[in-house]
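Chemist: this one's sequence-less:
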DNA sequence: AAAGTCCTGCGA
DNA sequence: TCGCAGGACTTT
């Protein structure tokens, strides 16, 4: 679910609830996430104030008043919601209680999320974020020259190259740029790289404007779902007519990830 | 079958 | 050495 627009939507909806607030108590109900929640997690947060919340790629970074950084990755099914979960809400692994009574809970059925505190700025080995540093045509063109043998979709999803795109938006951006997911990056023409960089920004901005997007599990910090899933042009549309030319959308799985494309519009 | 990442092993 | 495929994690 959560790719860049969803994580950014969570950040924006979360910020007004937590900025400037002091954490009173942290309850870890289940440490078993992608990596175990450290034993020290609760004590590292308790008593500290959240001074801001940033995002880099799919990571949320909450800055603490002692220079520490509370790092959250939502994995596939993570939710970060304010308020109190209804009794019986499953998979609430972590609860954060703020002074003044505000509560934040982390829910993650698939437990692929990550939650830890770093002493300072974490080393994330991420490429530029399209909505933070920006990814322009020249940068993407240079990337396609440097990583020419990689398939373009793999390149787009490689967080070390560009931070924030996942399977859905990589498919959507490639459709808009009329480029097939399986093309070798090195075979892109300069104009194609330029066009691709432009549509990456457009796609993410549109999804963001729709309140994030994505699939069933997704909710923002206020528990609202996104609106972009109704706007997918190729993702999860195997066999359905292309929105441009009506050719049935093709589906193919590589490395366990589904690619969707229009064989007529995309080259 | 799945939105995310990480690891191993194979072949070019 | 690089890129990819496949499997691993987990629950619905």
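Modeler: Sure thing, it's come through. No experiment lies behind these values; they were computed from the predicted model shown.

Chemist: the helices in the stretch 101-250 of chain A, which residues?
Modeler: Secondary structure of the stretch 101-250 of chain A (DSSP state H, counting those that start in this stretch): helices at A:137-146, A:152-157, A:167-176, A:190-209.

Chemist: compare those and give me the one nearest residue A:45.
Modeler: helix A:190-209 (28.2 Å; CB to CB). No exception for glycine: its C-beta is placed from N, CA and C like everyone else's.

Chemist: for that closest one, packing partners?
Modeler: helix A:4-18, helix A:137-146, helix A:167-176 (3 or more CB pairs under 8 Å, 6 or more residues apart in numbering; DSSP states H and E).

Chemist: and those helices, which one averages the lowest pLDDT?
Modeler: Of all the helices and strands packed on helix A:190-209, the minimum mean pLDDT falls on helix A:4-18 (a mean of 92).

Chemist: and the following helix or strand past that one, what does it pack onto?
Modeler: Using DSSP states H and E, the next helix or strand after helix A:4-18 towards the C-terminus is strand A:23-28. If you count contacts as 3+ CB pairs under 8 Å, 6+ apart, strand A:23-28 packs onto helix A:41-45, strand A:92-98.

Chemist: one step back: need the winner for burial among the helices and strands packed on helix A:190-209.
Modeler: helix A:167-176 (a mean of 25; mean count of other CB atoms under 10 Å).

Chemist: now check that helix, is it near DNA strand C?
Modeler: No. Under the criterion of CB under 7 Å from any atom of the strand, helix A:167-176 makes no contact with DNA strand C; the nearest approach is 11.9 Å.

Chemist: and that helix, does that touch DNA strand B?
Modeler: Yes. Using CB under 7 Å from any atom of the strand, helix A:167-176 comes into contact with DNA strand B via A:167-168.

Chemist: list of residues touching that helix?
Modeler: A:3-5, A:152-153, A:156-157, A:165, A:180-181, A:196, A:199-200, A:202-204, A:207, A:213-214, A:232-235, A:257-262, A:265-266 (CB atoms under 8 Å, 6 or more residues apart in numbering).

Chemist: ditto for stretch A:142-156
Modeler: A:158, A:161-162, A:165, A:170-171, A:173-174, A:179, A:181-188, A:193, A:196, A:200, A:254-255, A:259.

Chemist: buried ones among those?
Modeler: Taking 16 or more other CB atoms under 10 Å as the criterion, what is buried in the contacts of stretch A:142-156 is A:158, A:161-162, A:165, A:170-171, A:173-174, A:179, A:181, A:183, A:185, A:188, A:193, A:196, A:200, A:259.

Chemist: deepest-packed of the helices and strands packed on strand A:23-28, please.
Modeler: When the helices and strands packed on strand A:23-28 are compared using mean count of other CB under 10 Å, strand A:92-98 is most buried, at a mean of 20.

Chemist: excluding its backbone neighbours, what's nearest the residue of the stretch 51-200 of chain A found nearest DNA strand B?
Modeler: Going by CB to the nearest atom of the strand, DNA strand B is nearest to residue A:166 of the stretch 51-200 of chain A, at 1.6 Å. With sequence-adjacent residues excluded and distances taken as CB to CB, 6 or more residues apart in numbering, residue A:166 is closest to residue A:3, at 3.8 Å.

Chemist: for the one you found, report the pLDDT, please.
Modeler: 90.

Chemist: from memory it sits against residue A:165, does it?
Modeler: Yes. Using CB atoms under 8 Å, residue A:3 is in contact with residue A:165, at 6.4 Å.

Chemist: before we move on, back to that, separation between the residue of the stretch 51-200 of chain A closest to DNA strand B and residue A:190?
Modeler: 26 Å (CB to CB, to the nearest Å).

Chemist: before we move on, what about residue A:72?
Modeler: 38 Å.

Chemist: between those two, which one's more packed in?
Modeler: Shown here are residue A:72 and residue A:190; by other CB atoms under 10 Å, residue A:72 has more neighbours (24 against 13).
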